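> Quick one: sequence plus predicted model below, questions after.
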Amino acid sequence: MKKTMLLFAAGIGMMLSVQAQQNPTLIIHHANIITLDDAKPQAQAIAIANDKIIAVGNDAEILPLKATNTKVVNANGRTIIPGLYDSHLHVIRAGRFYNTELRWDGVKSLKRALQMLKEQAARTPKGQWVRVVGGWNEYQFDEKRLPTLEEINEATGNTPAFILYLYAHAYLNKAGIAALHIDENTPNPTGGLIQKNADGQPTGLLIAEPNAYILYSTLARLPELTPAEKGNSTLGFMTEMNRLGVTSVMDAGGGFQNFPDDYGITDSLFKLGQLTVRLPYYLFAQKGGSELQDYQKWISMVDIEHQHGEEAETEYFVEGGGENLVATGGDFENFNKPRPDLAPVMEQQLKEVLTVLVKNRWPFRLHATYNESITRFLNVIEAVNKEYPLNGLSWFFDHAETVSEENLQRIKALNGGISIQHRMAFQGENFVARYGKQAARNTPPIRQMLDMGIKVGAGTDGTRVASYNPWVALYWLSTGKTIGGHDYTANENKLDRLTALKLYTQGSAGLINQQGDRGTLKAGYLADLAVLSDDYLKTDAAKIRDIHALLTILDGKIVYGEGEFKAVAPVQPKAMPAWSPVNFYGGYQYK
């Protein structure tokens, strides 16, 4: 036994000696490192050379590797984790509008939310709107209720206002109704309802019935920022993600996000080397009935196997098609309303699109809330696979809240994956009210997915329904509770904190076969990590939601720092324009 230990120690010494031949550019020591490496789960120090980790160990092993040009950072005992990887976030779209949005994410009381609304309405200039766009619900408030239209109108006065509540409904104040020229003669759009009073006048309530088109089409009518402001806004949103410890995002496309026109801001930031998250993205067809033509056009434009992002410092490239491939497949998750039935033509339209994608070896992802939809989608995927075998092509479902065991087996057989989000943290109460406590206990059935060996990654689906804050998702995964504190989840479907963290790092990377060089803090892996404000594994469960990063590193470079690490981090510019809510409240709220 003693001889074995000596040989092991000699092997470690030799490994460190080899790694020391590369002078580290950065060493972080005196830390509590959660490596997610099963062979070495804990460490004190980490050495980085440029964009790669070259050694992980204790202080006595790592500090002697210091060279004359090595930056050394004392972590002061703080917890370090691999950079978080959100497998489903609409960061490209959200970035363009982030500086215009008043975020109610995390606000503790409706009184505070309405006060913020009033203050922002007073500073918003003529021609612009005050807007609250997702990330909140009534159960987070002490009052446990939604705002009324009367309260919204009193707070906002003559400044147009739009407030989105999940993908269920939105509020327009009187000034907003006038600005959009909505009156008693305005017809209901397809798939939506403009609520009107007994006199036929619009009340200001826009209802998603049976889908959310009325909500995001109304949002698309609001004034945009200038190109310079959009660039600043996107940088600000990425900084907010860095502040939360996020270093990688899979962008899931989205409604009213046209390719390539609406990708100009992130294209420019990428060319300037200013992206602060890794950003593989999917292309989302925009117009019902012409999706096949869209994908045929994009396939001719993008060489999926050879893109600039693969050789660049920060990854930025088209990963595939989705999350909605055809409009007739959109089963929106408004749990306040009955489950939507997909159109009979869905199968034929989806098969045409999937055939083109698979033939051209384009990975794909597919929005799927309900098991009934998943059954029909799988029928199509299986049919395409018979004609054009997937043969390891990366694909996965998004959401899958009510997926059955039978369909999980079918997903596994096709080597598919599932990207789960914390939408139930925001809609759990509504789901229970419609479908009952028993149905909610394993929604989504995460433990079953993992036990079956299905690839599972985690994300938020921010920003228009759930919050973009990954720590709310980690709180939900590990406690089974909604943001209002409702414990709806079966104990066997709750994850331990380490497993939850692995889903948000290794799991997300594994969905697109990137797990071989990220999601773990070990030699040879990418130097993406976050120094946390609290010990994730030991803090009280309720405090998980309040965790954020004090220092975030991407590609071996410091991209965010605050508190004791502010001096070593880049200075963050103020939000543009000057009246932006971000300058007064920041992003996610803690009071």
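The structure has been received and is ready for your questions.
> Just list whatever residues bridge to the one residue sitting closest to the centre of the chain.
By CA atoms, centre = their mean, the mean C-alpha position of the chain lies nearest to Leu89, the distance being 3.0 Å. Leu89 forms beta bridges with Asp251, as assigned by DSSP bridges.
> Go ahead and confirm it touches Ser467.
No. Using CB atoms under 8 Å, Leu89 is not in contact with Ser467, being 10.6 Å away. Heads up, the C-betas are built off the backbone N, CA and C, glycines and all.
> shared neighbours of those two, anything?
Shared contacts of Leu89 and Ser467 (CB atoms under 8 Å, 6 or more residues apart in numbering): Thr460.
> Let's see the distance spanning stretch 563-574 from one end to the other.
18 Å (CA to CA, to the nearest Å).
> Surely Gly236 forms part of a helix?
Yes. Assessed with DSSP: H, G, I helix; E, B strand; the rest coil, Gly236 lies in a helix.
> Distance of the nearest residue to it once chain neighbours are set aside relative to Thr190?
Nearest residue to Gly236, sequence neighbours excluded (CB to CB, 6 or more residues apart in numbering): Ala575, at 5.4 Å. For Ala575, the distance to Thr190 equals 36 Å [CB to CB, to the nearest Å].
> more crowded one of these two?
A count of neighbours by other CB atoms under 10 Å puts Ala575 above the other of Ala575 and Thr190, at 23 against 10.
> Give me the secondary structure label for that one.
Strictly by three-state DSSP, Ala575 counts as coil.
> Tell me the confidence at it?
Ala575 is assigned 98 on the pLDDT scale.
> show me what contacts it?
Contacts of Ala575 (CB under 8 Å, 6+ apart): 99, 232-233, 236, 582-583.
> what do you get for Thr460?
86, 88-89, 421-422, 466-470, 472-473.
> Just the ones of these in helices?
470, 472-473 (DSSP state H).
> pretty sure Leu503 contacts Lys455?
No. Taking contacts as CB under 8 Å, Leu503 lies outside contact range of Lys455: 10.2 Å.
> between these two, which one's more packed in?
In terms of neighbours (other CB under 10 Å), Leu503 is the more surrounded of Leu503 and Lys455; the figures are 26 against 22.
> Leaving out chain neighbours, which residue sits closest to the more buried one?
Using CB to CB, 6+ apart, the closest residue to Leu503 is Ala458 (4.1 Å).
> where along the stretch 151-300 of the chain do the strands fall?
161-165, 169-172, 192-196, 202-208, 246-251, 279-283 (DSSP state E, counting those that start in this stretch).
> Can you add distance to Glu154 and give the ones you listed back as TSV?
Shown next, in TSV, are the strands of the stretch 151-300 of the chain (distance: least, CB to CB, whole Å):
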stretch	distance to Glu154
strand 161-165	11
strand 169-172	13
strand 192-196	19
strand 202-208	13
strand 246-251	37
strand 279-283	41
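> where along the stretch 401-550 of the chain do the strands fall?
Under the criterion DSSP E, counting those that start in this stretch, strands of the stretch 401-550 of the chain are mapped to 417-421, 455-459, 529-532, 549-554.
> Looking at those strands, which is nearest to Ala490?
Ranking the strands of the stretch 401-550 of the chain by proximity to Ala490 (CB to CB) places strand 417-421 first, at 15.5 Å.
> got the angle between that closest one and strand 455-459?
Between strand 417-421 and strand 455-459, the angle comes out at 20 degrees (axes from the mean of the first three to the mean of the last three CA atoms, to 10 degrees).
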